[in-house]
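Student: Could you look at this predicted model? Sequence included:
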Amino acid sequence: MSEDRVRVRVADNGVATATMVRADKHNALDQAMFEGLVDAAARLTGDSSVRAVVLHGEGKSFCSGLDVASFMGGEGGTGVLLTREEGRPANLAQRVSYDWSLVPVPVIAAIHGNCFGGGLQIALGADIRIAAPEAKLSIMEIKWGLVPDMGITQTLPRLLPIDVAKELTFTGRIVSGTEGSELGLVTRTAADPLSAALALADEIAQKSPDAIRAAKRLYNETWLSNDPAGALELESVLQTGLIGTPNQIAAVVAGMSGEQPVFADPV
C-alpha cells in the first residue's frame, strides 16, 4: 500500500518527483505514508540516473502532520513508529526526514498549504525548501504534549539559532512561508513553489552529477563539525576524486567552449 501514498517519477532530464498522494487528508502521515516515504528515498538513493529530487504534496497541503486517528485503532499504535531496525541510527518516524539526507543528490521540498509537525520535519530533511508566501508552518508537537522527534536534532540546528528554535518549539506557533524565509526555516519563497523547485532541480541536473553528489556529501558530513582537520581532509579527498574524471573534463570543456555539457551517470 505504501506505493499508493508516494508516487515517484523520474523525468528524462534526471529530475525525480516524489509526491505524497493523500490529498483528502492533506497528506497526513499514516503508516502507509511513512513506509511510502522511506521506500521512495531508498529507491531514489539507488538510482544513478537521478540528478535532483523534488518532494511535494498533492492537493491543498504539503503535509499536515501525523494522522493520530489512523494509529489509535491499529495493533501497537504509534509504537511501530519508534521501532529502530538493527544497524540503523533512525527509527521509522525519523527516517522519513533523515533518509532524505542519505539520497546522494539534492532534495528540494516544495511547500504549500499546511506544513505542520511531522510534515515540517519531513521538509527539514530536504536540502532546500521553497515555500509559498502564504504557506503555514509549525513545529506543532507541543500542542499534543510531545517533543518533535522525527530527526529534528539533525536538521534544525543547521538552520536556526537555538533561541529561535526554542521559541517555535515551546509555542508551536504557526508562521507563514514569508516569515519562515525571514527566520531561515525555509530557503526562499515563490508564488508557485512546485514550479520553482522543478526549475531549480533542472538547473542542478545540468551540472556534473559527480560534483553535485560530492558537494552534498561534503556539507552533510562537515557542517557544524568540531573536527576542522577532518573537514579539510574530506575537501581534499573529494576534490582528488573528481579531478581528471570524464565528467570533470566535460565540465571544463563546456565551460571553455560555451557548449552544453553531456555528463555520464555516476558509477
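Tutor: Looks like it came in fine.
Student: need the contact list for Pro209.
Tutor: By Cβ atoms under 8 Å, 6 or more residues apart in numbering, Pro209 lies in contact with 14, 51, 105, 247, 263, 265-266. All C-beta spots, glycine's among them, are computed from the backbone N, C-alpha and C.
Student: out of those, who has the most neighbours?
Tutor: Greatest neighbour count in the contacts of Pro209, by other Cβ atoms under 10 Å, goes to Arg51: 27 neighbours.
Student: Run a quick check on that residue versus Gly14, I expect a contact.
Tutor: Yes: the pair Arg51 / Gly14 is scored as a contact, 3.4 Å apart, by Cβ atoms under 8 Å.
Student: any idea of the mean pLDDT in whichever helix or strand Cys115 is part of?
Tutor: Assessed by DSSP states H and E, Cys115 sits inside strand 114-116. Averaged over strand 114-116, pLDDT sits at 98.
Student: go on, stretch 241-260?
Tutor: On average, stretch 241-260 scores 96.
Student: Please identify the nearest residue in space to Ala41, excluding sequence neighbours.
Tutor: Nearest residue to Ala41, sequence neighbours excluded (Cβ to Cβ, 6 or more residues apart in numbering): Asp99, at 3.9 Å.
Student: any idea which element the one you found lies in?
Tutor: Assigned by DSSP H and E, Asp99 belongs to helix 92-102.
Student: re the thing from before, just checking, what packs against the strand holding Cys115?
Tutor: strand 136-138 (3 or more Cβ pairs under 8 Å, 6 or more residues apart in numbering; DSSP states H and E).
Student: contacts for the strand it packs on?
Tutor: Here strand 136-138 has contacts from 111, 113-117, 120, 123, 131, 168, 172-177, 180, 185-186, using Cβ under 8 Å, 6+ apart.
Student: Ala131 is in contact with Leu120, correct?
Tutor: No: at 10.4 Å, Leu120 and Ala131 do not qualify as touching, with contact defined as Cβ under 8 Å.
Student: ok, the two, which is more surrounded?
Tutor: The neighbour comparison of Leu120 against Ala131 (other Cβ under 10 Å) goes to Leu120, with 34 against 30.
Student: Look at the more buried one and give its secondary structure.
Tutor: Following DSSP: H, G, I helix; E, B strand; the rest coil, we place Leu120 in the helix state.
Student: distance of it from Ala32?
Tutor: Counting by Cβ to Cβ, to the nearest Å, the gap from Leu120 to Ala32 is 20 Å.
Student: next one: Leu102
Tutor: For Leu102, the distance to Ala32 - Cβ to Cβ - is 21 Å.
Student: Could you do Ala251 as well?
Tutor: Distance, Ala251 to Ala32, using Cβ to Cβ: 41 Å.
Student: Repeat that for Val237.
Tutor: Distance, Val237 to Ala32, by Cβ to Cβ: 40 Å.
Student: same deal with Pro193?
Tutor: Pro193 sits 25 Å away from Ala32, going by Cβ to Cβ.
Student: cool, Ala16 as well?
Tutor: 20 Å.
Student: Between those two, which has more neighbouring residues?
Tutor: Ala16 (25 against 17).
Student: secondary structure element for the more buried one?
Tutor: Ala16 belongs to strand 15-20, assigned by DSSP H and E.
Student: Now do that strand against helix 92-102: the angle between them, please.
Tutor: Here the directions of strand 15-20 and helix 92-102 differ by 170 degrees (axes from the mean of the first three to the mean of the last three Cα atoms, to 10 degrees).
Student: Contact partners for the residue nearest to Ala41?
Tutor: Asp99 touches 37-38, 41-42, 45, 90, 125, counting by Cβ under 8 Å, 6+ apart.
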